[in-house]
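Engineer: Give me a 3D structure for the following:
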Amino acid sequence: MTGATIERTAGTPPFSSSKLSVLRKHPYFADLEPEAFDQLCRYAKHITLKRGTAIFSKGDPGTSLIAVISGTVKISISSPDGRNAILNLIGAGEIFGEIALLDGLSRTADATANTNCELFVIDRREFIPFVRSQPTLAMKFIELLCARLRWTSDQVEQVILQDLPGRLASALLRLSDKHKREPQGRTISITQQEISEMVGMTRESINKQLRVWATRGLVRLEHGAIVVLKPEALQELVEAGSSDSE
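Structural biologist: Numbers count the residues shown, from 1 in each chain. Now for the predicted structure:
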């Protein structure tokens, strides 16, 4: 991770409680006993990254679990001819890198700092023995892997069976779900180029569809962001498999 600033000390980590709360609030660590959680925190390295920094590449050894404290991480793949596909955007409070961490094989995609980021990184050599000592945590990670598999199946279904409006609506709802309690709408920090790489359509097609929805009041377009105003209407498009692109 070129350009990364890394902090780690023996004993109790010198991190603020607000940073550690990212781990404590995560559903997979929330039920740990205080002593076990303190032990987990001692394993954490605090890393700050600048936008565009490569975190790992497809094929790299899976040596760590990573939690996002602030910022956004892009998970993507690329083809030999230079085409890119964004698989997911990981935001604050989320973890990633668990597949290669648990099976000990290589990374399945690239991870890049999509914005300036703060991360916690926990080394596999410490995390795997820790999981073995915490059977409840092991079950949580089985649940996490099952959720990832269901999410992947949904993505495949959308690409194969849905047209552009349905695929775009699905992506917007998925990305905005964490903001669903915000009264002014669900704001997604994403460019139209990035979302085009998520749904497998051209930026021009994405722009045209978003402008149609903006005139209907379903979304609002901002610089570097999309605000979902009427998620129920987008959900109807998803469920219908929508051919309503105009």
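
Engineer: Spatially nearest residue to the residue nearest the centre of the chain, not counting backbone neighbours?
Structural biologist: When C-alpha atoms, centre = their mean is applied to the chain, the residue found nearest the centroid is Ile90 (2.0 Å). Leaving aside its chain neighbours, Ile90 sits nearest to Val73 (4.3 Å; criterion: C-beta to C-beta, 6 or more residues apart in numbering). Where C-beta positions appear, they are placed from N, C-alpha and C, glycine not excepted.

Engineer: Surely the one you found is in contact with Gly97?
Structural biologist: No. With contact defined as C-beta atoms under 8 Å, Val73 does not reach Gly97; the gap is 9.6 Å.

Engineer: Need the residues touching each of these two.
Structural biologist: 66, 111 (C-beta atoms under 8 Å, 6 or more residues apart in numbering).

Engineer: just checking, what packs against the helix or strand harbouring Arg220?
Structural biologist: Assigning secondary structure by DSSP states H and E places Arg220 in strand 219-222. Helices and strands in packing contact with strand 219-222 are listed as helix 203-216, strand 225-228; criterion 3 or more C-beta pairs under 8 Å, 6 or more residues apart in numbering; DSSP states H and E.

Engineer: hmm, who's touching that strand?
Structural biologist: Against strand 219-222 from outside (C-beta under 8 Å, 6+ apart): 172, 185, 187, 210-211, 213-214, 226-230.

Engineer: Export the residues you listed as JSON lines, with columns for neighbour count, distance to Ser106 and pLDDT.
Structural biologist: Listed next are those as JSON lines, based on neighbours: other C-beta atoms under 10 Å; distance: C-beta to C-beta, whole Å; pLDDT from 0 to 100:
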{"residue": "Leu172", "neighbour count": "27", "distance to Ser106": "32", "pLDDT": "93"}
{"residue": "Gly185", "neighbour count": "17", "distance to Ser106": "40", "pLDDT": "63"}
{"residue": "Thr187", "neighbour count": "15", "distance to Ser106": "35", "pLDDT": "88"}
{"residue": "Leu210", "neighbour count": "19", "distance to Ser106": "36", "pLDDT": "96"}
{"residue": "Arg211", "neighbour count": "12", "distance to Ser106": "41", "pLDDT": "96"}
{"residue": "Trp213", "neighbour count": "23", "distance to Ser106": "39", "pLDDT": "96"}
{"residue": "Ala214", "neighbour count": "15", "distance to Ser106": "42", "pLDDT": "96"}
{"residue": "Ile226", "neighbour count": "27", "distance to Ser106": "34", "pLDDT": "93"}
{"residue": "Val227", "neighbour count": "18", "distance to Ser106": "38", "pLDDT": "94"}
{"residue": "Val228", "neighbour count": "24", "distance to Ser106": "36", "pLDDT": "94"}
{"residue": "Leu229", "neighbour count": "17", "distance to Ser106": "41", "pLDDT": "93"}
{"residue": "Lys230", "neighbour count": "14", "distance to Ser106": "42", "pLDDT": "93"}
